[in-house]
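Visitor: Here is the input, now give the coordinates:
(chains A and B)
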Amino acid sequence: MRFKQTLGLAFAAAAMTTVAAPAMARDTIQIAGSSTVLPFASIVAEEFGNAFGQFNTPVVGSGGSSGGLRQFCQGVGANTIDIANASRAIKSSEVESCAGAGVKQILEIQFGYDGIVFASRADKGTFALEPKHIFAAAAAQVPQDGKMVANPYTRWSQIDASLPNQEIILVIPASNHGTREVFEEKVIHAGCTTYPAIKAMDKDAQSQACLTLRQDGRIIEIAGDYTETLARLQAQADAVGVFGLSFYDQNRDRLKVATIDGVTPSLETIGSGEYPVSRPLFFYVKGEHIGVIPGIEQYVEYFLNDQVSGFGSPLEEAGLIPLNDEERAREVADFKARKAVQ
Amino acid sequence: MSNETLSERAIIQSRVEKSLRRRHARETRFRLFGLGAVMAGLAFVALLFISILVRGLPAFWQSAITVDVFFDPAVIQVDPQPVFQTGESPQAFREREIAWQSQLTMVNWNRIMENSIIALKPELEKQRRDVRALFTSSERFRLRDMVIEDTSLIGKTVKLDLLADANVDVWVRGNIDRSLPDSQQQLRAPVRDLADALKAEGVLNIKFATPLFTNPDSRSSPAAAGLAGAFMGSLFMMMIVIFLAVPVGVASAVYLEEFAPRNRFTDLIEVNINNLAAVPSIVFGLLGAAIFINWFRLPLSAPLVGGLVLSLMTLPTVIIATRAALKAVPPSIRQAALALGASKVQMVFHQVLPLAIPGVLTGAIIGVAQALGETAPLLLIGMNAFVANIPATPFEQSTALPVQIYLWQGNELRNFFEARTSAAIIVLLSMMISLNALAILLRKKFERRW
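Guide: You can find the predicted model right below:
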């Protein structure tokens, strides 16, 4: 009967694991969201775990801004995440879906800025781009002689003689990334409205003309991380990719950054606003979880500490453009007052 | 007349010879094709292994700086370690202990590390920033933890191997093009010169990368990133698979094969088990997220959920392998047992199942090995998060080995993590190979022929 006994024992053990599991309170902060914010949040989480012996190290997941906020808005409770990282502000539709699931107290915290850079392979031509060049390379239709025609450009040098004679291949983030929105708003839209023919259109037609990207394979959308974009550049030597400043910074030996309107992206030029393509970085805290999951309050305060995310901090070293003192004080005060997104 | 037959015979002879030649040629051709296919397969495997080994093996060694670290009491100014007093509640003691530990955390450990280099080269006093850049940032917590373990260290000098920063490692080992101009380098020129000087003097050495095996993942100090957390996560999941999928799988196979009546219903079950075996693993992930996390409210990112999902995935493999093993037991054994008066249960558990054990074990081990390498379903239950702790129970958040490979593959510090990724692949592959070897060994040991 040996076999029978072993089988029975195994069943009992299996049943116990399954039954004992539910209703376990969680004591580790759970974070998910933007892959741009991920490196920063991970560094803070790790340092937080080391600095506060009484709390566990928070767990930081990826999934893009939209993916993180979707998880965030799934509801309240230990099996939902506490903090969503986002490289864009929360949308009103997301606030509604959150409220529908019972998440009513969404605390928005802005902790710094990030630049979006265009970079090509280090062994390829140097780009001095302007938003209108990028629009001309990416749009489905471009204005010519006052009329909209299907995008005729195949090489950068056809758009502007100053650009390298290189095949147009643009590797951009897919729409699950917050970066995509900034790319559309600050680059494509900005470049598009420099054309008088488009500027004259009414608003709907304008955004239609601006944001319809060409579908002939010259635009490659990347749903994954920047390493995937980098891998594309390694495979397709002529491609130009969209990266976060911090990613470019850590791979300067492989990438050559493009100037935008003549400004080279750097911590200084982005911090001063001289470089046009930057965006604020956020994380969203579930107010309902504060006091339930231990350490959330301390984590947020630690994150906003000047020594953690200010000038000369490890986050700045990792490529974050810190808030100035005024903004920092405002964020800290807003969090202390539990000022929720309406 | 005879002449005619002769020539006819010659014609037939030549025709036969021709067809024989053709058939032989066909056979040779087929053999060559077969051999070619095997060769091509082997070549691809060799290519894969060689490319991974070439890239990954160097990552098993990394730069460490061997220095005498003086735990300077002037820098480490903390209260004496709290001792448990009688009459004190454990809660209060824990609080005092944590307060003491955070005091220790505030100590400027970087200064202690800097001093250890400056003791060798006093002229660097003015370049503390460059000296600090040599060390990976988590080493300061290592020094702190050493003092928490043993406060008598304060005032003593200890010879330690401090891990060098990831970018220092990349520079010293030539993983970045050393001829690139300053603007494309990760390290400032003075740090690069300092690292080279220390290497020439033998202070900075390439040592075996123990952190790769003892540390969990790290992002704030990449040089200290290791596989321990992911390994524990995988181990917990494998244990759950072994305790869940194997007994359930074997039991259902035994029932279906030995006891169940043959009718439409059991046919349906059989077809569906085969279907289940063909379901893509990502579907199990979706199922796991919907059922275990949203419905049963099990924790996110926990090896428990991962183990349950992988058990579901492994179940059909175990059932199919066990049924095949049971089928291979000759019916004469069953008939003999029954003829001697054994009950059906006795026949199955005393005779048939023991004889089928080698096949069952092989199936189970291959199923477990398959589950060990599975990534897709784990991504959907949040196991692709960054976890800086080594999980102690299956309820704690964790990653798994294949997911860790995926995460390192996505790390932005490409120069350092390309090699680490391959090293992690080597670790995973060697685990798989040993599991498969175990399967072969067990089969050889228990195999019986009739």
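
Visitor: Could you check the pLDDT of A:K4?
Guide: On pLDDT, A:K4 comes in at 47.

Visitor: typed the wrong thing, it's A:A51
Guide: Taking A:A51 on its own, its pLDDT is 88.

Visitor: swap in A:G273?
Guide: 85.

Visitor: Also B:L120?
Guide: 90.

Visitor: For B:N436, which non-adjacent residue is spatially closest?
Guide: B:A369 (6.1 Å; Cβ to Cβ, 6 or more residues apart in numbering or on different chains). No exception for glycine: its C-beta is placed from N, CA and C like everyone else's.

Visitor: Show me what whichever strand or helix holds that neighbour is packed against.
Guide: Assessed by DSSP states H and E, B:A369 sits inside helix B:353-372. Applying 3 or more Cβ pairs under 8 Å, 6 or more residues apart in numbering or on different chains; DSSP states H and E, we find helix B:353-372 packed against helix B:228-254, helix B:303-327, helix B:414-446.

Visitor: among the ones you listed, which is nearest B:R142?
Guide: Among the helices and strands packed on helix B:353-372, the nearest to B:R142 by Cβ to Cβ is helix B:228-254 (14.5 Å).

Visitor: which other helices and strands contact the helix or strand just after the closest one?
Guide: Sequence-wise, the next helix or strand downstream of helix B:228-254 (DSSP H and E) is helix B:264-278. The contact analysis (3+ Cβ pairs under 8 Å, 6+ apart) places helix B:264-278 against helix B:303-327.

Visitor: Please identify the buried residues of the following helix or strand past the helix it packs on?
Guide: Using DSSP H and E, the next helix or strand after helix B:303-327 towards the C-terminus is helix B:331-339. Buried residues in helix B:331-339, defined by neighbour count with 16 or more other Cβ atoms under 10 Å in any protein chain shown: B:R334, B:A337.

Visitor: quick one: contacts of helix B:331-339?
Guide: The contact list for helix B:331-339, computed with Cβ atoms under 8 Å, 6 or more residues apart in numbering or on different chains, reads B:K344, B:Q346, B:M347, B:H350, B:Q351, B:V352, B:L355.

Visitor: would CSV of those residues with distance to B:Q81 be doable?
Guide: Supplementary listing: the contacts of helix B:331-339 in CSV, determined by distance: Cβ to Cβ, whole Å:
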residue, distance to B:Q81
B:K344, 67
B:Q346, 64
B:M347, 67
B:H350, 62
B:Q351, 65
B:V352, 63
B:L355, 62
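
Visitor: from those residues, which would you call buried?
Guide: Judged by 16+ other Cβ under 10 Å, buried ones among the contacts of helix B:331-339: B:M347, B:H350, B:Q351, B:V352, B:L355.

Visitor: for the residues you listed, which one is nearest chain A?
Guide: Nearest to chain A, judged by Cβ to the nearest Cβ, of the buried ones among the contacts of helix B:331-339 is B:H350 at 8.3 Å.

Visitor: quick one: the closest one is in a helix?
Guide: Yes: when DSSP: H, G, I helix; E, B strand; the rest coil is applied, B:H350 is found to be in a helix.

Visitor: surely it meets B:K344?
Guide: No: assessed by Cβ atoms under 8 Å, B:H350 is found out of contact with B:K344, at 10.9 Å.

Visitor: just the strands in the stretch 101-250 of chain B please.
Guide: With DSSP state E, counting those that start in this stretch as the criterion, the stretch 101-250 of chain B has strands at B:157-163, B:204-208.

Visitor: Ok, which of those comes nearest B:V38?
Guide: strand B:204-208 (37.4 Å).

Visitor: Paired strands for the closest one, with orientation please.
Guide: strand B:61-70 (antiparallel) (DSSP bridges).

Visitor: Mind exporting the C-alpha coordinates of the partner strand to PDB?
Guide: Listed next in PDB are the C-alpha coordinates belonging to strand B:61-70 (Å, rounded to 0.1, in the frame of the first residue of the first chain):
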ATOM      1  CA  TRP B  61      34.100  36.500 -13.200                       C
ATOM      2  CA  GLN B  62      34.000  40.200 -12.300                       C
ATOM      3  CA  SER B  63      36.100  43.000 -11.000                       C
ATOM      4  CA  ALA B  64      36.700  43.300  -7.200                       C
ATOM      5  CA  ILE B  65      38.900  45.700  -5.300                       C
ATOM      6  CA  THR B  66      40.900  44.100  -2.600                       C
ATOM      7  CA  VAL B  67      41.600  46.600   0.100                       C
ATOM      8  CA  ASP B  68      42.100  46.900   3.900                       C
ATOM      9  CA  VAL B  69      38.900  48.400   5.100                       C
ATOM     10  CA  PHE B  70      39.300  50.300   8.400                       C
END
